[in-house]
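K.L.:
Provide a 3D model corresponding to the input given below.
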Amino acid sequence: MVRRRVCTGGGRCQWYYGKPDARLGQGIGTYRGFRSTAGVAQERLVVPSGRVSLLIGFGGELRVRGAGRHTSLVSGLHTRARVLGHGGDVQGVELALAPWAARRFLGGTPLAELTDVLADPAEVLGDRVRSLGEALADAPGWDERFALLDETLLRWAADGEGPGDAGPAPAVLEAWRLLERSAGSLQIREVAAATGTSLRHLERRFREQIGLSPKRLARILRLNRAIRLLSAGGGPADTAARCGYYDQAHLGLEFRAMTGLPPGRFLAERGTSSAWIAG
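P.N.:
Alright, predicted model coming up:
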């Protein structure tokens, strides 16, 4: 069943949510369809999330500050926020993929090649992504669009299950899970020890198969936890301590480095616009 949320903020937008087919396995988040009929340009700050994003547009153009205009986008893991916008009328669907699962749907593309990169998905997936966009545009509603995504992703995953793509090494997958469960608070040496590998070996394999070093991923996960705690009313000092920062000043430095804003301004800006979302 499709869940729908309507938001207003200088115009009108709708978000539609659907649960992926269980056969797609773990590592793929809720489908997020979107449609804006605002009629005026809007922007949102895309905060690093530790996920590979595949955004397929089928109406209007997406604008990335400093990176031009696109119909669709694929984004690898990144540690600095980006500003994504549109001219006021746009429609599409966004998929958030754990990096260890993303290769199943991206034709086996090495994740290291997508780190800190925004690209047209056609550069990775070829013409089939354009065909999917056209089919999504022609579908009569979001139930049909999400069913089409299920069918398409199951086919892409089957196409990508060749002998040369065995998925991430067990130690890499376990390290990912440890970091995610701890929201990035575990020391990387502890993670390496828990997975039975050397620190150097883990870091090398992690970059190859996830796209970032374990330390950079941990920074992203800590930031996302800090955003959740601060948004829920947590104090900066307590949030810093709970998330594993040295102190409140360290929390502020990380916010500026990764979002371009200090925590207070980030929350104020985010709270005044429905277009500002973390993810």
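K.L.:
what count of nearby residues applies to His70?
P.N.:
If you count neighbours by other Cβ atoms under 10 Å, His70 ends up with 18. In this view, the C-beta of every residue, glycine as well, is placed from N, C-alpha and C.
K.L.:
that one against Gly60, yeah?
P.N.:
No - contact status for His70 versus Gly60: not in contact, 10.7 Å apart, counting by Cβ atoms under 8 Å.
K.L.:
tell me the centre residue of the protein?
P.N.:
Centroid-nearest residue in the chain, with Cα atoms, centre = their mean: Arg51, separated by 3.6 Å.
K.L.:
residues in contact with that one?
P.N.:
Counting by Cβ atoms under 8 Å, 6 or more residues apart in numbering, Arg51 makes contact with 29, 77, 96-99, 279.
K.L.:
just the pLDDT for it.
P.N.:
pLDDT for Arg51: 93.
K.L.:
for Tyr17, what are phi and psi?
P.N.:
Per-residue torsions, Tyr17: phi -120, psi 140 (degrees, to the nearest 10).
K.L.:
is Asp143 in a helix, a strand, or coil?
P.N.:
Under DSSP: H, G, I helix; E, B strand; the rest coil, Asp143 falls in the helix class.
K.L.:
low-confidence ranges, the stretch 1-150 of the chain, go.
P.N.:
Filtered on pLDDT under 70, the stretch 1-150 of the chain yields the residue ranges 1-11.
K.L.:
name the helices or strands packed onto the strand ranked longest in the chain?
P.N.:
The residue-count maximum for a strand in the chain (DSSP state E) belongs to strand 89-97. Applying 3 or more Cβ pairs under 8 Å, 6 or more residues apart in numbering; DSSP states H and E, we find strand 89-97 packed against strand 31-37, strand 52-57, helix 127-138, helix 142-159.
K.L.:
nearest to Leu221, out of the ones you listed?
P.N.:
strand 52-57 (14.9 Å; Cβ to Cβ).
K.L.:
that closest one pairs with which strands?
P.N.:
strand 73-75 (antiparallel), strand 89-97 (antiparallel) (DSSP bridges).
K.L.:
adding distance to Arg222 and neighbour count, write the contacts of Arg51 out as CSV.
P.N.:
Formatted as CSV, those follow (distance: Cβ to Cβ, whole Å; neighbours: other Cβ atoms under 10 Å):
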residue, distance to Arg222, neighbour count
Gly29, 20, 18
Leu77, 15, 24
Ala96, 19, 20
Leu97, 21, 20
Ala98, 17, 19
Pro99, 17, 25
Gly279, 16, 16
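K.L.:
which member of these is positioned nearest Pro20?
P.N.:
Relative to Pro20, and with distances defined as Cβ to Cβ, the nearest of the contacts of Arg51 is Gly29, at 7.9 Å.
K.L.:
correct me, but the closest one touches Ala101?
P.N.:
No - applying Cβ under 8 Å as the test, Gly29 and Ala101 come out as separate, 9.8 Å apart.
K.L.:
wait, what's in contact with the closest residue to Leu149 other than its chain neighbours?
P.N.:
Closest residue in space to Leu149, ignoring its immediate chain neighbours: Tyr31 at 6.0 Å, by Cβ to Cβ, 6 or more residues apart in numbering. The neighbourhood of Tyr31, defined by Cβ under 8 Å, 6+ apart, consists of 16-20, 93-95, 146, 149.
K.L.:
tell me which two of the residues you listed sit farthest apart.
P.N.:
Going by Cβ to Cβ, the pair spanning these furthest: Lys19 and Glu94, at 14.6 Å.
K.L.:
looking at those two, which one has more neighbours?
P.N.:
Glu94 (18 against 14).
K.L.:
what bridges to that one?
P.N.:
Assessed by DSSP bridges, Glu94 has beta-bridge partners Arg32, Leu55.
K.L.:
quick one: contacts for it?
P.N.:
Going by Cβ under 8 Å, 6+ apart, Glu94 touches 31-34, 53-56.
K.L.:
please apply the same query to Ile220.
P.N.:
So Ile220 contacts 48-50, 77, 79, 184, 212, 258 (Cβ under 8 Å, 6+ apart).
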